[in-house]
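Sequence and predicted structure, then a few things I'm wondering about:
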Amino acid sequence: MESNKEKYILISDIKKSYGERQVLKGLDLSIEKGEFVAIVGKSGCGKSTLLRLIAGLESNDEGSIYMNGEPLDHLNKYARIMFQDGRLLPWKRVIDNVCLGIPDTARVKATDALRQVGLDERMNDWPSKLSGGQKQRVALARALVHNPSLLLLDEPLGALDALTRIEMQDLIESLWKEKKFTSILVTHDVEEAVAIADRVILIEDGVISVNQPIRLPRPRQRTHPAFSMYVEEILEKILNRKKNKITLVKKSRKAQV
Amino acid sequence: MKFIIKESVKKFIPWFLPLLLIVGWQLFSWVGVIPERILPAPTKVLQAGIELLSTGELSSHVGISLGRALAGFLIGGTIGFVFGLLNGMFKVSDLLFDTSIQMLRNIPHLALIPLVILWFGIGETSKIFLVALGVLFPIYINTYHGIRTVDKGLVEMGRAYGLKGRALFFAVILPGAMSSILVGVRFSLGVMWLTLIVSETISAHTGIGYMAMNAREFMQMDVIVLSILLYALFGKLSDMIARFLEGKLLQWNT
């Protein structure tokens, strides 16, 4: 129990169902302070649900979540979440979106946060005038302005083009290094997970099936042989069944020959 | 080929048809194609307007009508808005009031005129009551609908970023519902004039509608036409007000 208290986030045996369908089936996970964890899995595997539980946006049916040694109930006050669709308020200018939830006196902080994501020049624009990548950068600034000790990322780069994604990944990584917050990234892109995280977790059938620390130096080179090995290994695990089927087909063909 | 229309010309174009109509009407009246007891010439109408203006009669009738319209709109609009907000946001209030409001909404409010006259007489109260009643429902329905259809994702985001109560309402819910609320305002401004015209025409001793009905007794065609034109102008005025509000409150949507 003593050692459990040192964990920043401790999740044990959580279950969550939507109607008849059980999405999480007794999942355990612990995360250290300052760690960058990526959660991957097929769509509908429950990875976003897990993130929403940690954010306190939904409640689990069974099991427990401890945050800094305290049981989590209702909203997670340490965390700020970034959504896939950005969720900027279209009727507030960029700067006012970033100021959301902070006192008016802290406007300077919002300008700083916008500068950090490279958008301080656009602070008086409406969100509708920004590109997808810029919107996500504003959303990132909005999260950072609260100085969260836990940053939750719910597929924030899912809708962006390849180049913008890599830019954003670098930006998130550098901000994480600078501010030393803990971060959990949900993504369907294994390469992204390996590029950015200390540890990649795979959720299958409502539990964690792979828990893979990535031991590569930062900044990570995507061309590094170990990099592709990690990606390959995790992908293989995700696509496990499919791969078996393909090999079976091949074998039967060979048999015919 | 591309036509480039100058700004100044653009401003004139919407007024082209009304102006053409008036010029044509004037010409036909001069020639005698339109007999005066059917439709007096625009110059006659204008003359009648100037005459009534000089006696102070016109401004007092117009002032009274505008006052009734405004009072009714404010009372009905406020009630509709408040119920729309409450029922849109709170389950209990929704369950308690929405069914009753929907039932009342389906009674044509002008059908209540005989009852209203018996209740309030033909004084100010009856007109303001009818206008308020007519304005209430469009504002209610659109406010209610606007609140109910605010993007749930944005509300969740607001909560996750520490907003609650008043702050959440003013930052997320109200602006999210605003475009729908303004549709209600625009619609109810139309209902406001319609109700006022009908109720003033049927029973009143002041106001533009009374002025027209009174003129009928003395066969003053020019005054009758003048009142009708005044209503057209006020209709345009309320449209301009609605546009102004939309431009101000939905700036981000352009």
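On my side now, so go ahead. Numbers count the residues shown, from 1 in each chain, chains lettered A, B, ... in the order given.

residues in contact with B:Met211?
Contact analysis of B:Met211 by C-beta atoms under 8 Å, 6 or more residues apart in numbering or on different chains lists B:Leu52, B:Glu57, B:Leu58, B:His61, B:Val223, B:Ser227. Where you see a C-beta, it was placed from the backbone N, CA and C, and this is true even at glycine.

So which of the residues you listed wins on neighbours?
B:Ser227 (27 neighbours; other C-beta atoms under 10 Å in any protein chain shown).

With pLDDT as extra columns, can I get the contacts of B:Met211 in TSV?
Converted to TSV, the contacts of B:Met211 look like this (pLDDT from 0 to 100):
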residue	pLDDT
B:Leu52	93
B:Glu57	91
B:Leu58	92
B:His61	93
B:Val223	93
B:Ser227	92
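
for the residue in the stretch 101-250 of chain A positioned nearest to chain B, helix, strand, or coil?
Closest residue of the stretch 101-250 of chain A to chain B, C-beta to the nearest C-beta: A:Gly101 (4.0 Å). State at A:Gly101, reduced to three classes by DSSP: H, G, I helix; E, B strand; the rest coil: coil.

what helix or strand is A:Leu10 on?
strand A:9-18 (DSSP states H and E).

Could I have the CA atoms of that strand written out in CSV?
C-alpha atoms of strand A:9-18 as CSV (Å, rounded to 0.1, in the frame of the first residue of the first chain):
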residue,chain,number,x,y,z
ILE,A,9,-1.9,7.8,-11.0
LEU,A,10,-3.0,4.4,-9.8
ILE,A,11,-5.8,2.7,-11.5
SER,A,12,-7.0,-0.7,-10.3
ASP,A,13,-9.5,-3.1,-11.7
ILE,A,14,-11.7,-0.5,-13.3
LYS,A,15,-14.7,-1.6,-15.3
LYS,A,16,-17.0,0.5,-17.4
SER,A,17,-20.0,-0.4,-19.5
TYR,A,18,-22.1,1.5,-21.9
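
following that strand, which helix or strand comes up?
Heading C-terminal from strand A:9-18 (DSSP H and E), you reach strand A:21-31.

picking up where we left off before, the strand holding A:Leu10 to strand A:21-31, inter-axis angle?
Here strand A:9-18 runs at an angle of 180 degrees relative to strand A:21-31 (axes from the mean of the first three to the mean of the last three C-alpha atoms, to 10 degrees).

in stretch A:137-150, what's buried?
Buried residues in stretch A:137-150, counted by 16 or more other C-beta atoms under 10 Å in any protein chain shown: A:137-146, A:148-150.

So which of these reach chain B?
Within the set of these, contact with chain B (C-beta under 8 Å from any C-beta of the partner chain) is found for A:Arg142, A:His146.

on that earlier part again, where's the residue of the stretch 101-250 of chain A closest to chain B relative to A:Met82, distance?
14 Å (C-beta to C-beta, to the nearest Å).

Also B:Gly80?
Taken as C-beta to C-beta, the span from B:Gly80 to A:Met82 is 38 Å.

Who has more neighbours out of those two?
The neighbour comparison of B:Gly80 against A:Met82 (other C-beta under 10 Å) goes to B:Gly80, with 27 against 23.

thought that one was touching B:Tyr140?
Yes. Using C-beta atoms under 8 Å, B:Gly80 is in contact with B:Tyr140, at 3.7 Å.

what residues are shared contacts of those two?
B:Gly184.

tell me which strands and helices the longest helix anywhere in chain B is in contact with?
For chain B, the helix reaching the highest residue count under DSSP state H is reported as helix B:57-89. Applying 3 or more C-beta pairs under 8 Å, 6 or more residues apart in numbering or on different chains; DSSP states H and E, one finds that helix B:57-89 contacts helix B:42-55, helix B:91-105, helix B:124-148, helix B:174-202, helix B:208-217, helix B:221-249.

and A:Glu155, which of those helices is closest to it?
Closest approach to A:Glu155 among the helices and strands packed on helix B:57-89 (C-beta to C-beta): helix B:174-202, 23.7 Å.

Show me which residues of the stretch 101-250 of chain B sit near chain A.
So the stretch 101-250 of chain B meets chain A at B:153-154, B:156-163, B:167, B:171-172, B:175-176, B:178, B:250 (C-beta under 8 Å from any C-beta).

Count residues in the vicinity of residue 215, would you?
Going with chain A. A:Arg215, neighbours per other C-beta under 10 Å, totals 9.

other chain: chain B
Counted with other C-beta under 10 Å, the neighbours of B:Ala215 add up to 19.

Would you quantify the distance from the residue lying closest to it once chain neighbours are set aside to B:Ala48?
Once flanking residues are discounted, B:Ala215 sits nearest to B:Val223: 3.6 Å by C-beta to C-beta, 6 or more residues apart in numbering or on different chains. Distance check for B:Val223 against B:Ala48: by C-beta to C-beta, it reads 5 Å.

Grab the most central residue of chain A for me.
Geometric centre of chain A, nearest residue: A:Leu185, 1.3 Å, by C-alpha atoms, centre = their mean.

contacting residues for that one?
A:Phe36, A:Val37, A:Ala38, A:Ile39, A:Leu153, A:Ile172, A:Glu192, A:Ala193, A:Ile196, A:Ala197.

same question, A:Tyr78
Counted by C-beta under 8 Å, 6+ apart, A:Tyr78 has contacts A:Met67, A:Asn68, A:Pro148, A:Ser149, A:Leu150.

Nearest to B:Ile101 among those?
Nearest to B:Ile101 out of the contacts of A:Tyr78 is A:Pro148 (C-beta to C-beta; 43.6 Å).

Doesn't the closest one belong to a strand?
No. Using three-state DSSP, the assignment for A:Pro148 is coil, not a strand.

Confirm for me that it is in contact with A:Ala79.
Yes. With contact defined as C-beta under 8 Å, A:Pro148 counts as touching A:Ala79 (5.8 Å).

and A:Arg80, that's in a strand?
Yes. Under three-state DSSP, A:Arg80 falls within a strand.
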